[in-house]
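Student: What shape does this take:
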Amino acid sequence: MKIEEFKSGKYFQQYRYKSFSPAKINELWTWNDGKINTLLAEANRKLGALDAFSLHAPDIDIFIEMHIAKEAIKSSKIEGTRTEIEEVIKKGSDIAPERKDDWREVQNYIEAINSSISNLKTLPLSTRLLKEAHKILLRGVRGEHKNPGEFRNSQNWIGGATLEDAAFIPPVHTEVDELMSDLENFLHNNKLEIPVLIKAGIAHYQFETIHPFLDGNGRIGRLLTTLYLVSAGLLTKPSLYLSDYFEKHRQFYYDKLNQARVKNDLSQWLKFFLVGIIETSEKGSDTFKAILKLKEKIEDEKLPELGKKLPTAKLLMKYLYKKPIINAQDVHSQLAVSLPTANSILSDFVRLGILNEKTGWKRNREFEFTNYLNLFKDI
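Tutor: Numbering: from 1, shown residues only. Sure thing, here's the model as predicted:
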């Protein structure tokens, strides 16, 4: 199938509306558009540079945890959930009641990502794995009654209040199993000589067009890309997430997907997708560089001042990269030190400019690793 000759599918009349049935994708794809080749080469180069950090940077898994937290925030934001990174890294008991529902949805997404990445060690990327992620995603939150962990058994739609005024109506539910099976076979069909990033872009488009779940399709569809890049070996660690790019260019994202369906223009979607890989890889690499520079500065210039406290200080630093907002009780329990020792080391870190005390209180004080936290914020 030449991308330039792509036929997206057909509309079928249902009761009072038309649903869209996408063409299957498990076949060889070729193209004549040189711009796709140029972007593909650049995307592979930038992604390789990002992945190099996974191979050479010390303690990379700790930093990736913050990347996952940011991804969960951005991906959920596209769906209307509002949570800030300062909230995500706090315990549920510290979240205001009116913010707890959003906080829980983001926590579920973090768990779904981590569980899926872990499952890739023993399971292939499959509908089964996606269903497991979906089950976690909807656990105990809005949408928990919308068949968590199962493909839909009724019609859904995108945009509008009803089917009659919907912006897009995916295929009827009786087609979902067959279409998702075709998508899964496409991802695993090693006989197809198609670059991984092109496969990833086509797969994301197809998943969003099928919209196989009653809720949570956007988040699972965006997770699918990262899972595929890891399973295909382009990423050693799950260090790339596109939700930040999609959220910043949200209207373009929807427009390019719809352009592929309505105008059979898959080329423009793939170009948009590859630019997203390039920009996100660059941003990820820059963030890792900034983290390592900050880490080196603290370890070489600040921690040596603490003398005998240096071993405890190093343990606290390792913890801060995972949880950059802490209190004395956290230090007491995580480092197995007394509360006076915890308060003492926290005071040292404030004096050295590593931490900032955020409350201004004498008790129940909260300390923030601001320079690190800012690397994951849009400031």
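Student: Using PDB, list the CA coordinates for stretch 167-183.
Tutor: Taking Å, rounded to 0.1, in the frame of the first residue of the first chain, the C-alpha atoms of stretch 167-183 are listed here in PDB:
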ATOM      1  CA  ALA A 167     -17.400  15.100  15.500                       C
ATOM      2  CA  PHE A 168     -16.400  11.500  14.800                       C
ATOM      3  CA  ILE A 169     -18.100   8.100  15.300                       C
ATOM      4  CA  PRO A 170     -15.700   5.100  15.400                       C
ATOM      5  CA  PRO A 171     -16.700   1.600  14.000                       C
ATOM      6  CA  VAL A 172     -19.500  -0.300  15.600                       C
ATOM      7  CA  HIS A 173     -18.500  -2.500  18.500                       C
ATOM      8  CA  THR A 174     -18.800  -5.700  16.600                       C
ATOM      9  CA  GLU A 175     -15.900  -4.700  14.400                       C
ATOM     10  CA  VAL A 176     -13.500  -3.900  17.300                       C
ATOM     11  CA  ASP A 177     -12.000  -7.400  18.000                       C
ATOM     12  CA  GLU A 178     -11.200  -8.000  14.300                       C
ATOM     13  CA  LEU A 179      -9.700  -4.500  13.800                       C
ATOM     14  CA  MET A 180      -7.600  -4.700  17.000                       C
ATOM     15  CA  SER A 181      -6.400  -8.200  16.000                       C
ATOM     16  CA  ASP A 182      -5.300  -6.700  12.700                       C
ATOM     17  CA  LEU A 183      -3.500  -3.900  14.500                       C
END
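Student: Double-check that Ser21 belongs to a strand.
Tutor: Yes. Assigned with DSSP: H, G, I helix; E, B strand; the rest coil, Ser21 falls within a strand.
Student: what sits opposite it in the beta ladder?
Tutor: For Ser21, the beta-bridge partners are Lys10 (DSSP bridges).
Student: That one contacts His173, correct?
Tutor: No. Between Ser21 and His173 there is no contact under Cβ atoms under 8 Å: 11.8 Å. The way it works is simple: take the backbone N, C-alpha and C, and place the C-beta from them, glycine included.
Student: just so I have it, where are all the strands in the chain?
Tutor: Here the chain has its strands, by DSSP state E, at 9-14, 17-22, 325-326, 356-357, 367-368.
Student: can you redo the ones you listed as CSV with distance to Asn185 and mean neighbour count?
Tutor: Below are these laid out as CSV (distance: least, Cβ to Cβ, whole Å; neighbours: other Cβ atoms under 10 Å):
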stretch, distance to Asn185, mean neighbour count
strand 9-14, 18, 13
strand 17-22, 15, 18
strand 325-326, 45, 22
strand 356-357, 52, 14
strand 367-368, 48, 21
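Student: Distance to Asp265 and mean pLDDT added to these, as JSON lines?
Tutor: Formatted as JSON lines, the strands of the chain follow (distance: least, Cβ to Cβ, whole Å; pLDDT from 0 to 100):
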{"stretch": "strand 9-14", "distance to Asp265": "13", "mean pLDDT": "96"}
{"stretch": "strand 17-22", "distance to Asp265": "14", "mean pLDDT": "96"}
{"stretch": "strand 325-326", "distance to Asp265": "45", "mean pLDDT": "94"}
{"stretch": "strand 356-357", "distance to Asp265": "50", "mean pLDDT": "95"}
{"stretch": "strand 367-368", "distance to Asp265": "46", "mean pLDDT": "96"}
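Student: List just the one of the ones you listed that sits closest to Glu84.
Tutor: strand 325-326 (11.1 Å; Cβ to Cβ).
Student: Report all helices and strands that that closest one contacts.
Tutor: strand 367-368 (3 or more Cβ pairs under 8 Å, 6 or more residues apart in numbering; DSSP states H and E).
Student: neighbouring strands for the strand it packs on, and are they parallel or not?
Tutor: In the sheet, strand 367-368 lines up against strand 325-326 (antiparallel), strand 356-357 (antiparallel) (DSSP bridges).
Student: In this structure Met317 contacts Ile298, no?
Tutor: Yes. Applying Cβ under 8 Å, one finds Met317 in contact with Ile298, separated by 6.6 Å.
Student: shared neighbours of the two, anything?
Tutor: Ile354 (Cβ atoms under 8 Å, 6 or more residues apart in numbering).
Student: ok, now which ones touch Asn364?
Tutor: Asn327.
Student: how near is it to Leu316?
Tutor: The spacing between Asn364 and Leu316, counted by Cβ to Cβ, to the nearest Å, is 19 Å.
Student: and if you look at Val88?
Tutor: Taking Cβ to Cβ, one finds Val88 at 21 Å from Leu316.
Student: show me what contacts the spatially most central residue of the chain?
Tutor: The centre of the chain sits closest to Glu71, judged by Cα atoms, centre = their mean, with a distance of 3.8 Å. Counting by Cβ under 8 Å, 6+ apart, Glu71 touches 109, 113, 241, 243-244.
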